[in-house]
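Enquirer: give me a model of this one.
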Amino acid sequence: MGPLAALIGPTTRDILVNPDGTVWHDSGKGVVRAAISSLPPAVVRQVASMLLAAAGRSVDDAHPIGEGSVNTGMRVSAVLPPLVGPGPALSLRFHLPGAVGWAGFVDAEGNPIEPRLRSLIASGTSMLITGATGAGKTTLLNTLMGLLPTRGQMFYRGEDISAFTLEERVMMGIALVPEKRELFGTMTVEDNLELGGFRQMRLGNRQWRKRIDDVYDLFPRLKERRLQLSGTLSGGERQMLAVGRSLMSNPDVLMLDEPSLGLAPLIVKEIFSIIETLRRTGVTIVLVEQNARAALAVADYGYVLEMGEVSLHGPASELAQDSRVIDTYLGAARKD
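Expert: Presented below is the predicted three-dimensional model:
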């Protein structure tokens, strides 16, 4: 960690190093400038390389963007020049010790959002969760999926699943498409899809392999590349495969974390068209997305998170016309 080690404490949430070498951190009271000298680019690069290596990832001139999580629960993100400059950018995010509770997610009036979340998930609707980086969107999805612990109770279909493992939640019909896709790069497209059918196989569905045909109908490009190694796919094709793999389990609740991240506009349009198609099949969709304009078009209801709190919520059609959403997330001036 080098010079950044002094900033790590029991309440540390984020440590940020800007391309100019200035260091900022958040210990629960907002992001402030750290009382240490600006770091030389070579030092930032060395720290980034060391931490990503511990996470089994790398960052170098050939691969100037690196992300990974180390076993301490710290998430590391780094970007090297020439994508940024003059020096590298580094972000460290820490999961605070202890459980993540629903009590931390409240609306602007201080009311807990859990009852509304339960109602929406139970009704088979499409729900958008949007907000700036660091608002708590991915944390919320990971908590729902069982990747992070939770306090209190979490009910699904009338059953408390708070103590259920990730595998048990998958078997109950909950699926997550993570932000980084997390495919098996040395396996073919079709092998990745077959792994996604594990739930149906365990449920004794002898026709589970036929689910692949449904996925190929949604994503014809995957059928064309079914024998291709997934690690050689384009970014858009990898996202299609990640969604298709989750659909192989025939989920009742499908959660997608930033499905448009890093994709070309035409591919983004195609991905959201698929989400709209899935929405009409009756599967409940929980969508975390910063591309609010596209996401609101396929959502029934939306929440805007800011620093772990719900600042706005309502029907997606109403949020799309809200001046605060337009000015902050849609990048367009409000029409009077």
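
Enquirer: tell me how many other residues crowd the closest residue to residue 188 other than its chain neighbours.
Expert: Nearest residue to residue 188, sequence neighbours excluded (Cβ to Cβ, 6 or more residues apart in numbering): residue 227, at 5.4 Å. (C-beta placed from N, C-alpha, C; glycine too.) Counted with other Cβ atoms under 10 Å, residues neighbouring residue 227 total 9.

Enquirer: equivalent analysis for residue 38, please.
Expert: Neighbours of residue 38 under the rule other Cβ under 10 Å: 14.

Enquirer: wait, it sits on residue 19?
Expert: No - using Cβ atoms under 8 Å as the test, residue 38 is too far from residue 19 to be in contact (10.7 Å).

Enquirer: start to end distance for stretch 244-263?
Expert: 17 Å (Cα to Cα, to the nearest Å).

Enquirer: what about the longest helix in the protein?
Expert: helix 265-281 (DSSP state H).

Enquirer: what's the next secondary structure element after that one?
Expert: Later in the chain than helix 265-281, the nearest helix or strand by DSSP states H and E is strand 284-288.

Enquirer: alpha carbons of that next one, in CSV - could you do that?
Expert: The C-alpha coordinates for strand 284-288 follow below in CSV (Å, rounded to 0.1, in the frame of the first residue of the first chain):
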residue,chain,number,x,y,z
THR,A,284,-38.9,-9.5,-12.5
ILE,A,285,-35.9,-7.3,-13.5
VAL,A,286,-33.8,-5.3,-11.0
LEU,A,287,-31.6,-3.0,-13.1
VAL,A,288,-28.7,-1.0,-11.8
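
Enquirer: begin at 389 from now on, thanks
Expert: Sounds good: first residue 389 from here, last item strand 672-676.

Enquirer: so for that strand, what's the average pLDDT?
Expert: What strand 672-676 shows for mean pLDDT is 89.

Enquirer: which strands or helices does it pack on?
Expert: helix 502-510, strand 514-519, helix 525-533, strand 641-645, helix 653-669, helix 680-686 (3 or more Cβ pairs under 8 Å, 6 or more residues apart in numbering; DSSP states H and E).

Enquirer: let's see it at 7 Å
Expert: Contacts defined by 3 or more Cβ pairs under 7 Å, 6 or more residues apart in numbering; DSSP states H and E place strand 672-676 against strand 514-519, helix 525-533, strand 641-645, helix 653-669.

Enquirer: ok, residues contacting the last one?
Expert: If I follow you right, that is helix 653-669. 514, 606, 624, 627, 631, 642, 647-648, 651, 673, 675, 679, 682, 686 (Cβ atoms under 7 Å, 6 or more residues apart in numbering).
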